[in-house]
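> my questions concern the predicted model and sequence given below.
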Amino acid sequence: MNVTWNETLDSPPVSDWLDDIRFPYQSAQEMIEFLKSKGDPALSDMLQMNDEMPQSFAHWWCYLREQHQQRVIGEPLYPRLEYWRTIAEQWRQEHTTSVDVIATFIVWMDILLVDLVTYDDEEQRTNVPRKKNNSLVWNSATEEIATRKETLRFLMEEARACFQERGFTEGETYWNEKCKQYLIF
């Protein structure tokens, strides 16, 4: 997309949103929920930028609006995706795009699946991710951790939420199909 956020303010659909006295301004999520309630077509207009996952125009605009209100300028920051990007970058030890985050979720889920198929016990083995609180730990025999199945379901839901956060419905459909292979237990 070659247009900036500011350049969208005076043309549809954004000008229509801003003219609506009911349009919320508090958070990106409230704006998106409002647009969903109206069935706004901008939710299905997908944008592809750089090496990142696609995102809906509405999600892109609403998250950028929230950032502009906080005086932050740049690409939209999706909180859940950014949270997992940091963890994936630490684990991969390299720069990570949103696409890489999803690929890393798949790798973690594959590791868990191999561990589930190979071992009957819930011991934590080296480099097998396990859920602890709302994050992952590796090699942590002393901490209270979730089961491998709970960790697998947690990873499925977190990745699904990353697709939803961007409004990438085709990606979410792909993810739902992909997860079926992990539901054998």
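Okay, I see it. Numbering: from 1, shown residues only.
> helix or strand next in line after the helix ranked longest in the chain, which one?
Using DSSP state H to define each element, the chain has its longest helix at helix 98-118. For helix 98-118, the succeeding helix or strand toward the C-terminus, using DSSP states H and E, is strand 130-132.
> what's that next one packed up against?
Counting contacts by 3 or more C-beta pairs under 8 Å, 6 or more residues apart in numbering; DSSP states H and E, strand 130-132 packs against helix 148-166. For every residue, glycine as well, the C-beta is placed using N, CA and C.
> what is the subsequent helix or strand relative to the helix it packs on?
helix 169-179.
> what angle do that next one and helix 148-166 make?
Helix 169-179 and helix 148-166 are oriented at 170 degrees to each other (axes from the mean of the first three to the mean of the last three C-alpha atoms, to 10 degrees).
> quick check, Tyr25 in a helix?
No: per DSSP: H, G, I helix; E, B strand; the rest coil, Tyr25 lies outside any helix segment and is coil.
> and it, how close does it get to Ile32?
Per C-beta to C-beta, to the nearest Å, Tyr25 is found 13 Å from Ile32.
> one more: Thr169?
Distance, Thr169 to Ile32, using C-beta to C-beta: 13 Å.
> and for the closest residue to Lys131 other than its chain neighbours, the neighbour number?
Excluding the flanking residues, the one nearest Lys131 by C-beta to C-beta, 6 or more residues apart in numbering is Ala146, at 3.8 Å. Residues lying near Ala146 (other C-beta atoms under 10 Å) number 17.
> so what's Leu113 up against?
Leu152, Gln181, Tyr182 (C-beta atoms under 8 Å, 6 or more residues apart in numbering).
> how about the first one: what's its closest non-neighbour residue?
Spelled out, that is Leu152. Using C-beta to C-beta, 6+ apart, the nearest residue to Leu152 is Leu112, at 5.0 Å.
> any idea how the chain splits into domains?
6-69, 79-182 (automatic domain parsing).
> quick one on the thing from earlier: isn't the residue nearest to Leu152 right up against Thr151?
Yes: counting by C-beta atoms under 8 Å, Leu112 does reach Thr151; the two are 6.0 Å apart.
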